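Chemist: just a sequence and a predicted model for now, questions to come.
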Amino acid sequence: MLHGQVWLHNTSALGHLQRNILHEPRVCFEIDVPGETFPYGRFQCDTALAYQSVLVFGRLSIIQDSAQKIAFFDALMSKYHSAEMGRQKGFYPRLGDVTVYALSPERITGKQIRLPAKEARWPAVDKTKSPNAVVPNA
């Protein structure tokens, strides 16, 4: 987050995303981190995925100011770039080829399903959603 907003970047080409934003700036943006799958019951459909997710609802605006775009990329590079590479900091010759968006959150929500301890998973614990089902020809 930068200035209380979620900042994103994409190509400056007038594609599907940018056309939609110019027409209607209200968006929903999701980030999720998948975890392991795990069985909770005796049938294949009794399988779940551990995960964490965050959804941000708000309005997306296009950042036009070059100094703000540079600040965004400086923050991005400081997070993901190794300083030992010896490259010039703060120099982005293709800045005009990129659109930077700022998402102003109006509502943030999320969910989480944790990986249960091994002793709480099937076959130790059977939490099948269809306990009376019978496998055909079994």
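Modeler: Thanks, I have it.

Chemist: specify the next element, helix or strand, located C-terminal of the helix or strand bottoming out on mean pLDDT in the chain.
Modeler: Scoring the helices and strands of the chain by mean pLDDT, DSSP states H and E places helix 66-80 at the bottom, with a mean of 91. Of the helices and strands lying after helix 66-80 in sequence (DSSP states H and E), the nearest is strand 98-113.

Chemist: got the angle between that following strand and helix 66-80?
Modeler: Counting by axes from the mean of the first three to the mean of the last three CA atoms, to 10 degrees, strand 98-113 points 50 degrees away from the direction of helix 66-80.

Chemist: so what are the sheet partners of strand 98-113 and their directions?
Modeler: Here strand 98-113 is paired, per DSSP bridges, with strand 6-11 (antiparallel), strand 47-63 (antiparallel).

Chemist: burial of the nearest residue to L115 once chain neighbours are set aside, as a residue count?
Modeler: Distances taken as CB to CB, 6 or more residues apart in numbering place A50 nearest to L115, at 4.0 Å, with adjacent residues excluded. All C-beta spots, glycine's among them, are computed from the backbone N, C-alpha and C. Residues near A50, counting by other CB atoms under 10 Å, number 15.
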